[in-house]
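K.L.:
Provided below are the primary sequence and the corresponding predicted coordinates.
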Amino acid sequence: MKTATLQKSDIGKCLDLLIQSQKRVIAPQLRPRLDSPDAIDVLMLTPLENGDNHQVGQGILPLNGVKEFLFVKHEPILAFENKDNKVHIKEVHHKYPETIIFGVRPCDAASIASQNAVFSSDNAGYNDQFFTKRLENTTIVTYSCTTGDQSCFCTSVGLEPDSDRGSDLHLTELPDNTLHVEIKTPAGERVANILAPLLQGEGDQAARDTAGKEAHKNVSRIRNSHLIKAWLDDQSNFDDEMWERLGEKCIGCGACTFMCPTCHCFDIVDETRGSKGYRIKFWDSCQFDHFTLHSSGHNPRDKQYKRYRNRFTCKFKIYQDKFNAQGCVGCGRCIRDCPVNLDITEYMKEVDLKASLPNALRQDPDFE
Amino acid sequence: MSKKIPRHDFEPKIMAFVCKWCTYSGADLAGTSRMDYSPNVRMVRLPCSGRIDPQFLIKTFEQGVDGVIVSGCHPGDCHYNEGNYYARRRNLAFRQLLDFQGIDLGRLEFSWISAAEAIKWTKVIDAFTDRVRALGPHKQYHELIDPYDHYLEAA
Amino acid sequence: MIEAIRTQARNLLENKEVDVIIGYAEGSDSTRTTPVFIRKPEEVSRLIFDPRCINSLPLYLNKRHEYPQKGWKRTGIIAKGCDIRAITQLIAENQLTREEVYIIGVPCDGVVSHFSKWDGRLHDGNQATKCAECDVHTPTDCDFFPGERPEVDRSAPYKVSAPQVLNLMGLNTDKRFDYWRQEFDRCFKCYACREVCPHCSCNICITDRTQPNWVDQAAHTKGVFAWHITRAMHLVGRCTGCGECTRACPMDIQVDLFNQRLKDVVQESFGYKSGYSQDEKPPLITYKTDDSEDFIQ
C-alpha cells in the first residue's frame, strides 16, 4: 500500500486537477445561506465547477450523503408506449459519468458496502444495473474525522473516525495541517496519479495512527452494541415493553430513513401521460403508515412504535442476517434530523442493558 | 355574419372549468346562436364552480396547458345557493398561491358568466386566448411535464 | 416557574384529572429537548421549560397520530402561546373538544431557532424569527398559568410576515419560479413537513391515494411542486405559523414561506387570523356575500 503526504492547503488545487481531467467531481460546499436570521450553515455534497470554496474537511457531516449519487432519489427503469393496440417496452439510457466524490466521511464511505449488499448480486441475488454501474464509475476519496459532535456514534457500531472502509483513497488530517494519503484500490491509484504533482514523499504512518487514536477519544458516545443482535434474535423480545415506551413520541415523519446512508427502501410507480409512460423507482420509507398496508386492509405494522421497532431490527439484525452487511454506521443523521429528538442510541442502550441482565431480573415487572 | 378567426404559428391550449347551470349554458347559447370565437378552449363541465378543486387546476398545468379559465354563476345566482361563494374565496387564495410560486397570473382567469351571457363568453374567451397567445407557451411547466424523456436518447 | 408547573402536573395525575401530561424533557444532548409523556406523578420532575423547547406539542393531540386512540379521556399539555393557538385552531375545526385537553400555559420569551445555535441563553443571535413577531408570549386561554397572569394587550396592528416573503414578492414572477425550482431540487418528498404539522389530519393523505393518483408520487420537480402547492392550499386559513414544517425538513428547505404568504392573504382579504378563536369558522368553510372579487371578470 503506497502512502504519501499532501498539504491541506492544496486541496483546492487537487480538486481543480480532477475537474480538468474531465471527471465529475463532487465535494462538500457551503449551501448559499437563505436570507433568514434562522438559517444555519449547511454543508452539502454538490458537483463542483472549480476548486474554490470547497469545504473538504470542514464541519461534521454534509447534509446529504453519498447515497443520492448512487441510489438516486428517483429514476426511470423502463419506458412504455401504447401504440397500435400493443404495449411497447423501451429501454431507458442512464448516463454513468466518471465521478470522484472527494471528502467523504468514513461513516458515509462504510455505508456504500451496505447499499451494495442490497443492490448487487453478491448477497441479495439481484443485480440493480443502475446502481452497480454507477458505483463502478465512482471513486471515493475519504477524509478522516478528527472529532465528532454529540450525535455521532460511529465508535459504537464498530467503526472509527479514521476508518478506511469503502475508501479508494484515504486522507487523514494530521496536527501539522498535512494529510496522510493512503492508496487503497486501483481506482484510488488512478486518482493519486492525477494528483501526483501535489503529492510529496512518503506518508508518516506513526503520526497517522496517533491522529486516529486522538480522534477516537473525541467520539465519545460509546454504547456496547455487540449484545444487541443476540437480543433481537430472541423472538420473545419482539413484544418487549421497551418498544412502545421509547417509540411513543415518534411521529412517523420518515426523515431518519431518507437521510440514513444505509436505508434503501424504494417504491415503484408507473406514470403515464397520454399513451406514453415510465416506470419509476424512487425513495420510500418504512416509517410511512401505509408501508405494510395489505390490499385486504390489514396492516401488520399499524402503530408507529411497531414501525420504529422494524427500523431498529432492520439495522441491527436483518442487515446482518440477510445481507451480511452493517446496518448502521453511526453517522448520527437520524438523531440530528429527528424533529422530536428520537435517539437510536437510547434504544441501543436500553437493549444492551436488558441483554446484559441475568434472566430472572429481566422478567421482574418492577425492574426499572 | 361569421367573423374570420385568424390563426397564428403558436396557438395556445386553453382549458375551461365551468359550472353547468350558468357558464356551460351560456357557452351553449353562443354555439346555438352561431357566434364565432377562438376555438382553442376545451371545456370541462362540473355541476358547480364550488366543485372545482385546485387539484384540477394544478393537474391541468401539469398536462401542458397554456391557460386555464374557471367560470361560474354570478354571486347570488348559484343553483346550489352558496357554491360560488366558497369558490370565490378558494380561488382568491389559490391565485395568490400560484403567483407566489412564480406562475404568471395572466395564464389564469376567473369569471362569472350567466346562461344568458353568450356574448360575454365569447368576449372573455377571445380576450383570454389573445392574452395567453401573447405570453407564449407555458415553458416553465413544459420543461417539467416529461421529466424522463431525455433518458430515451441512447448515450 | 417550572416548580409550579410540576406541582400542578403532579396534582392532576394524582387526582386522575388527566390520563397523561405531554411536556418537554431533557434531550439527547445539552442543546436539545424532547417531548415526553408523563403518566406517573413521581415522573413530573422530568418536566422542564426553557428556550430550547422548540417542539409544537399539540401535534400529539391530532387524532391522525393515534395517540388519542389510546383511550385518553383528558390530556394535559404544556403549551406555549403559539401551541395554544394550534390547539385553539384544532378546536375551531372540531378536531378536538375543549374538555379533552387541559392546557398548562407557559409564558415564553421565545425559542432558539436551531439547537446548534444554543449557547446557554436566548439572545438576538439565536432567537427564532417567529418569536420576534409573536403576540402570544403570555398565553391567555389556559387552564393553569404559573404565577400571576399579567394583562395582555392584543391591539397591535397585524404585522405582515417574514422579510423572506417580502423579498420573494419583490422578485419578478419568473425569478420566483426559478428560486422555487432550485429550492425544491433538494426535496425528495419525505413528508416530514406534513407529519409534524399539528393541523394535517386527513386519515389518508391525498398524496397516498393512488386511485386516482392526484399528486405524483415520484420526487421529480413536477411532483414536488404538486405536493407543496397542495399542502399550502390545504392549510389556507388553518396554519398557525409554528414553523415546525421548516424545522422538520431534513433538507433545509423553507417550506413554510408558502404558508406565511397565504396567512397575509387571509388576513388582508378575509380579516381572519387562525388560532385566536374557538368559535370563529375558518375562512374557507364560510363566506360573506360581499367578499372581494376584483380578480373576477
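P.N.:
That came in fine, so what should we check first? Numbers count the residues shown, from 1 in each chain, chains lettered A, B, ... in the order given.
K.L.:
quick one, phi/psi of the spatially most central residue of chain B?
P.N.:
Taking C-alpha atoms, centre = their mean, the centroid of chain B lies closest to B:Ile69, which sits 2.1 Å from it. Per-residue torsions, B:Ile69: phi -120, psi 140 (degrees, to the nearest 10).
K.L.:
same check on C:Ala4?
P.N.:
phi -60, psi -40.
K.L.:
same question for A:Pro28.
P.N.:
For A:Pro28, the backbone dihedrals (degrees, to the nearest 10) come out as phi -70, psi 140.
K.L.:
same check on B:Ser111?
P.N.:
Dihedral angles of B:Ser111 (phi, psi; degrees, to the nearest 10) stand at phi -150, psi 160.
K.L.:
hmm, back to that, ok, the residue nearest to the centre of chain B - contacts?
P.N.:
Each residue near B:Ile69 by C-beta atoms under 8 Å, 6 or more residues apart in numbering or on different chains is listed here: B:Ile14, B:Met15, B:Ala16, B:Phe17, B:Val41, B:Leu108, B:Glu109, B:Phe110, B:Ser111, B:Val124, B:Ile125, B:Phe128. No exception for glycine: its C-beta is placed from N, CA and C like everyone else's.
K.L.:
any idea which helix or strand comes after the host helix or strand of the third one?
P.N.:
Right, the one you point to is B:Ala16. Element membership of B:Ala16, judged by DSSP states H and E, is strand B:14-19. Of the helices and strands lying after strand B:14-19 in sequence (DSSP H and E), the nearest is helix B:23-32.
K.L.:
just the residues contacting that next one, thanks.
P.N.:
Here helix B:23-32 makes contact (C-beta under 8 Å, 6+ apart) with B:16, B:18, B:37, B:43, B:45, B:49, B:71-73, B:111, B:113-122.
K.L.:
what's the answer for stretch A:68-79, then?
P.N.:
A:26, A:45, A:89-92, A:94, A:99, A:101, A:112, A:115, A:119, A:130-131, A:134-135, A:138, A:264, A:266, A:268, A:276-283, B:148, B:151-152, C:188, C:218-220.
K.L.:
could you give me the buried positions within that stretch?
P.N.:
A:Glu68, A:Phe69, A:Leu70, A:Phe71, A:Val72, A:Lys73, A:His74, A:Glu75, A:Pro76, A:Ile77, A:Ala79 (16 or more other C-beta atoms under 10 Å in any protein chain shown).
K.L.:
helices - which of those land there?
P.N.:
Counting by DSSP state H, the buried residues of stretch A:68-79 place A:Glu68, A:Phe69, A:Leu70 in helices.
K.L.:
please name the nearest non-neighbouring residue to B:Tyr37.
P.N.:
Closest residue to B:Tyr37 in three dimensions, ignoring its sequence neighbours and counting by C-beta to C-beta, 6 or more residues apart in numbering or on different chains: B:Thr122, at 3.9 Å.
K.L.:
go on, A:Gln326?
P.N.:
Among residues not flanking A:Gln326 along the chain, A:Ser114 sits closest, at 5.5 Å (C-beta to C-beta, 6+ apart).
K.L.:
touching chain C at all, the strand holding B:Ala16?
P.N.:
No: counting by C-beta under 8 Å from any C-beta of the partner chain, chain C has no neighbours in strand B:14-19; the shortest distance is 12.5 Å.
K.L.:
partners of that strand, with directions?
P.N.:
Strand B:14-19 pairs in its sheet with strand B:41-46 (parallel), strand B:67-72 (parallel), by DSSP bridges.
K.L.:
got the angle for that strand vs helix B:23-32?
P.N.:
120 degrees (axes from the mean of the first three to the mean of the last three C-alpha atoms, to 10 degrees).
K.L.:
avg pLDDT for strand B:14-19?
P.N.:
Average pLDDT, strand B:14-19: 96.
K.L.:
hmm, who's touching it?
P.N.:
With C-beta under 8 Å, 6+ apart, strand B:14-19 has contacts from B:23-24, B:27, B:38, B:40-49, B:51-52, B:56-57, B:60, B:65-73, B:79, B:83-84, B:113, B:125, B:128-129, B:132.
K.L.:
7 Å - rerun?
P.N.:
Strand B:14-19 is contacted from outside by B:24, B:27, B:40-49, B:52, B:56, B:60, B:65-73, B:128-129, B:132, using C-beta atoms under 7 Å, 6 or more residues apart in numbering or on different chains.
K.L.:
swap in stretch B:105-124?
P.N.:
B:21-23, B:25-27, B:29-30, B:33, B:35, B:37, B:66-74, B:77, B:91, B:95, B:98-99, B:128, B:131-132, B:135, B:138, C:295-297.
K.L.:
related to what we said a few turns ago, so who does the residue nearest to A:Gln326 touch?
P.N.:
So A:Ser114 contacts A:Thr262, A:Tyr319, A:Ala325, A:Gln326, A:Gly327 (C-beta under 7 Å, 6+ apart).
K.L.:
and the helix or strand containing it, which residues are buried?
P.N.:
Assigned by DSSP H and E, A:Ser114 belongs to helix A:106-119. Across helix A:106-119, burial judged by 16+ other C-beta under 10 Å covers A:106-119.
K.L.:
again, but for stretch B:8-22
P.N.:
For stretch B:8-22, by 16+ other C-beta under 10 Å, it's B:Pro12, B:Lys13, B:Ile14, B:Met15, B:Ala16, B:Phe17, B:Val18, B:Cys19, B:Lys20, B:Trp21, B:Cys22.
K.L.:
how near is the fifth one to chain A?
P.N.:
When you say that, I think you mean B:Ala16. 20 Å (C-beta to the nearest C-beta, to the nearest Å).
K.L.:
ok, what's across the strand from that residue?
P.N.:
B:Met43, B:Ile69.
K.L.:
next one: it from A:Phe80, what distance?
P.N.:
Remark: distance between B:Ala16 and A:Phe80 (C-beta to C-beta, to the nearest Å) = 32 Å.
K.L.:
helix, strand or coil for the nearest residue to C:Asp216 once chain neighbours are set aside?
P.N.:
Once flanking residues are discounted, C:Asp216 sits nearest to C:Gly223: 3.5 Å by C-beta to C-beta, 6+ apart. Put simply, C:Gly223 is helix when judged by DSSP: H, G, I helix; E, B strand; the rest coil.
K.L.:
rewinding a little: would you reformat the buried residues of helix A:106-119 as TSV and include distance to A:Ile251 and pLDDT?
P.N.:
Shown next, in TSV, are those (distance: C-beta to C-beta, whole Å; pLDDT from 0 to 100):
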residue	distance to A:Ile251	pLDDT
A:Pro106	31	95
A:Cys107	25	95
A:Asp108	26	95
A:Ala109	31	96
A:Ala110	29	95
A:Ser111	25	95
A:Ile112	30	95
A:Ala113	31	92
A:Ser114	26	93
A:Gln115	27	93
A:Asn116	32	92
A:Ala117	30	90
A:Val118	27	90
A:Phe119	29	91
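K.L.:
quick check: the farthest pair among these?
P.N.:
A:Pro106 and A:Phe119 (21.1 Å; C-beta to C-beta).
K.L.:
who in the stretch 151-297 of chain C is up against chain A?
P.N.:
Counting by C-beta under 7 Å from any C-beta of the partner chain, the residues of the stretch 151-297 of chain C close to chain A are C:164, C:167, C:188, C:190-192, C:195-196, C:208, C:216-220, C:244, C:247-248, C:250-252, C:254.
K.L.:
now list the buried members of these.
P.N.:
Those of those that meet the buried threshold are C:164, C:188, C:190-192, C:195-196, C:216-220, C:244, C:247-248, C:250-251, C:254, by 16+ other C-beta under 10 Å.
K.L.:
from those, which land in strands?
P.N.:
The strands, defined by DSSP state E, take in nothing from these.
K.L.:
in helices, which of those appear?
P.N.:
C:Gln164, C:Ala192, C:Glu195, C:Glu244, C:Arg247, C:Ala248.
K.L.:
so who does the residue of the stretch 151-297 of chain C found nearest chain B touch?
P.N.:
In the stretch 151-297 of chain C, the residue that lies nearest chain B is C:Phe177 (2.8 Å; C-beta to the nearest C-beta). By C-beta under 7 Å, 6+ apart, the contact set of C:Phe177 is B:Gln101, B:Gly102, B:Ile103, B:Gln140.
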